[in-house]
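Asks: Have a look; sequence and predicted model below, questions after that.
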Amino acid sequence: MVCYLQDLFVSKRLRGRGIGESLIHAVVEYSKTRGWGQVYWQTKQDNTTARGLYDKLTGGTDGFIIYHIGEA
């Protein structure tokens, strides 16, 4: 089992307070209690604010870029 984190959103007025990091840690801890093997998510390449947090938490991207044909 794996967990795909569909969306993580923190209101602009609340950003920079560690809320996003806390939410991700909560999901990871929950997944561990369930024995899930992985938690993963996507973000846009130009989402530099979020990517700073994600790089901090994960050590950086695995190098994959996802492409879609049709509606996404």
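Replies: All right, it came through fine. Numbers count the residues shown, from 1 in each chain.

Asks: Now the element after whichever helix in the chain runs longest, going C-ward?
Replies: Counting residues, the longest helix found in the chain (DSSP state H) is helix 19-34. Tracing the chain past helix 19-34, the next element assigned as helix or strand by DSSP states H and E is strand 38-40.

Asks: tell me which residues of that following strand are tucked away?
Replies: Val39 (16 or more other C-beta atoms under 10 Å). Yep, even glycine has a C-beta here, placed from its N, CA and C like the rest.

Asks: Check which helices and strands it sits against.
Replies: Contacts of strand 38-40 with other secondary structure elements, assessed using 3 or more C-beta pairs under 8 Å, 6 or more residues apart in numbering; DSSP states H and E, are made with strand 2-4, helix 19-34.

Asks: and among the ones you listed, the most buried is which?
Replies: For those, the stretch with the most neighbours on average is helix 19-34, a mean of 13; neighbours defined as mean count of other C-beta atoms under 10 Å.

Asks: Quick one: list the elements packing against that one.
Replies: Helices and strands touching helix 19-34, by 3+ C-beta pairs under 8 Å, 6+ apart, are strand 38-40, helix 48-58.
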